[in-house]
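Trainee: Generate coordinates for the sequence data below:
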Amino acid sequence: MIKQLFSYLGFILMLILANGKVCLASPNHAPFFTGNNYITVCINSINNATIDSALAIIDSDLGQTETWTLVNGPLHGVLHGFPYSSISNSGLLNPSGFSYTDTGGYTGLDSFSIKISDGTASAVKEVYVTIDSFQAPSVTISANPGDTMCAEELVTLTAYPVYGGSNPSFYWIKNGVNLATGSAYTYQPETGNFIYCILSSDYPCRTADSVNSNMITMRIEPILTPSVTITAYPGFNIIPGINDSLVGNVIDGGVNPTFQWEINGIYINGATESYYVSNAFSGNDTVTCNVTSSGLCQASGFTRAVVQVSAQGGTIDLYPNPNNGAFTLRGNVNADNNNLSVAIFNTAGQRVYDWSIPVSGTGFLYGLSLADYLPGGLYFIRLTGNSVNSVMKFTVGR
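Mentor: Numbers count the residues shown, from 1 in each chain. Have a look, this model is predicted:
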């Protein structure tokens, strides 16, 4: 038998002389492992962990006998199915019957090595095993900015999984209807919406495939836009130098609305109560009461009023002052005043008495006895007519 070895274009041709014939033989290709080097098994699993896919091979040679044998065994488990043989198909070859069983009482890392051989060439693969205990998946959801919101705002709901695995799935349910997927969901809620999330876990050692989250019920608060009016005591028409009390009356201001007063477009420092008192009004001052509603969904509103300050249209006097509730009004006024309206206010701004005084010509003298109507204290009396706007203070003593 004569044998010669040739090398040409990467092929090894063997000339074999037998019975007067020359035969050409192709080279042998070594098998190699495919698949992942890492597997996870669950401690105290009822069934052995199948590891066939981790030991799949490829041998491009057709018809070779492939044999899997154990090189180094695991320290914390037992391997089943070795040795094992199968015939190559020149493509991917999956073995069958390989499994790993943990010995119990241990969680952590383990490893073993396997050799594949076609009788001529071989390869060795190290497989790393994570032994884990069974865990219960769970998921909680939260709402940002919260479960109580203002109308027309958006809420973002976010899911936080535990033992969800490397690629968990999320399904958002609103009022029993599946709406969306993903770890977060943003929408414009309505009052009474109840929302929860379903987690589908792919954690290897899980006690359940899917679990429900906590439920969030949305509540929408209306936006309170306050409505404001101003009341003035003794009034919006006053004479120079007297105190005028302005009160902001608010509707839809919430429990504790805030105030800011301004005069002629300029904020008044410290004027942040529901009322404003001043004796420095002049001309036709424009007074603005700005109100911001309280609560979660705040809004602002305002109103304006003009305080007119003018000299009285004549000379008016009240005597005696102080008195016991009986006093006299006298004065000279312009001829265009046929009657004068008289009103008395207490220091709280409440109107406690009013009537009308007839005017004859330009003068009047009018006596009043109001002892039964006016307890002791300080009062304001206002007289108004066509050209009269007069406010005076007087004291009733007892």
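
Trainee: in this protein, which helix or strand is least confident?
Mentor: strand 3-8 (a mean of 33; mean pLDDT, DSSP states H and E).

Trainee: Rounded mean pLDDT for stretch 376-392, please.
Mentor: Averaged across stretch 376-392, pLDDT comes to 83.

Trainee: Ends of that stretch, what's the gap?
Mentor: Separation of the first and last residues of stretch 376-392 by C-alpha to C-alpha, to the nearest Å is 17 Å.

Trainee: ok, now stretch 31-51?
Mentor: End-to-end span of stretch 31-51 (C-alpha to C-alpha): 19 Å.

Trainee: what's around residue 103, how many residues?
Mentor: Neighbour count for residue 103, taken as other C-beta atoms under 10 Å: 13. Heads up, the C-betas are built off the backbone N, CA and C, glycines and all.

Trainee: is residue 125 in a bridge, and if so with what?
Mentor: Per DSSP bridges, the residues bridged to residue 125 are residue 114.

Trainee: Same question for residue 287.
Mentor: Judged by DSSP bridges, the bridge partners of residue 287 are residue 263, residue 305.

Trainee: Please give me every residue in contact with it.
Mentor: Residue 287 makes contacts with 230, 246, 261-263, 276, 304-307, as judged by C-beta atoms under 8 Å, 6 or more residues apart in numbering.

Trainee: List buried residues within these.
Mentor: With burial judged by 16 or more other C-beta atoms under 10 Å, the buried subset of the contacts of residue 287 is 230, 246, 261-263, 276, 305, 307.

Trainee: Residue 294 in helix, strand or coil?
Mentor: Secondary structure for residue 294, judged by DSSP: H, G, I helix; E, B strand; the rest coil, is coil.

Trainee: For the closest residue to it other than its chain neighbours, grab the count of nearby residues.
Mentor: Distances taken as C-beta to C-beta, 6 or more residues apart in numbering put residue 254 closest to residue 294, at 3.5 Å, once the chain neighbours are dropped. Number of residues near residue 254 (other C-beta under 10 Å) recorded here: 18.

Trainee: And residue 254, which helix or strand is it part of?
Mentor: If you go by DSSP states H and E, residue 254 is not part of any helix or strand.

Trainee: ok, residue 359 touching residue 338?
Mentor: Yes. Contact criterion C-beta atoms under 8 Å: residue 359 and residue 338 qualify, at 5.8 Å.

Trainee: What's the per-residue pLDDT of residue 98 here?
Mentor: At residue 98, pLDDT is 94.

Trainee: can you count the residues close to it?
Mentor: Using other C-beta under 10 Å, residue 98 is surrounded by 21 other residues.

Trainee: Can we start the residue count at 131 from this point?
Mentor: Noted, 131 is the first residue going forward, which turns the last one into residue 228.

Trainee: Kindly provide the distance from the residue nearest to it when sequence neighbours are not counted to residue 488.
Mentor: Excluding the flanking residues, the one nearest residue 228 by C-beta to C-beta, 6+ apart is residue 211, at 4.2 Å. Per C-beta to C-beta, to the nearest Å, residue 211 is found 123 Å from residue 488.

Trainee: So which of those two has more stuff around it?
Mentor: Per other C-beta under 10 Å, whichever of residue 211 and residue 488 has more neighbours is residue 211, with 18 against 9.

Trainee: how about the more buried one, what does it touch?
Mentor: By C-beta under 8 Å, 6+ apart, the contact set of residue 211 is 225-229.

Trainee: Tell me where the model's unsure across the stretch 231-380 of the chain.
Mentor: Within the stretch 231-380 of the chain, the stretches with pLDDT under 70 are 369.

Trainee: Can you report phi and psi for the residue nearest to the spatial centre of the chain?
Mentor: In the chain, the centroid-proximal residue (C-alpha atoms, centre = their mean) is residue 275; its distance is 1.2 Å. The phi and psi values for residue 275, taken as degrees, to the nearest 10, are phi -90, psi -10.

Trainee: re earlier: residue 489 and residue 468: which is more packed in?
Mentor: Taking neighbours as other C-beta under 10 Å, residue 489 and residue 468 compare with residue 489 leading, 23 against 11.

Trainee: how about the more buried one, what does it touch?
Mentor: By C-beta under 8 Å, 6+ apart, the contact list for residue 489 reads 463, 467-470, 515.

Trainee: Redo those as JSON lines? Include secondary structure.
Mentor: As requested, these are exported to JSON lines (three-state DSSP):
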{"residue": "463", "secondary structure": "strand"}
{"residue": "467", "secondary structure": "coil"}
{"residue": "468", "secondary structure": "coil"}
{"residue": "469", "secondary structure": "strand"}
{"residue": "470", "secondary structure": "strand"}
{"residue": "515", "secondary structure": "coil"}
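
Trainee: Quickly name whichever of the residues you listed is closest to residue 355.
Mentor: For the contacts of residue 489, the residue nearest residue 355 by C-beta to C-beta is residue 515; the value is 40.1 Å.
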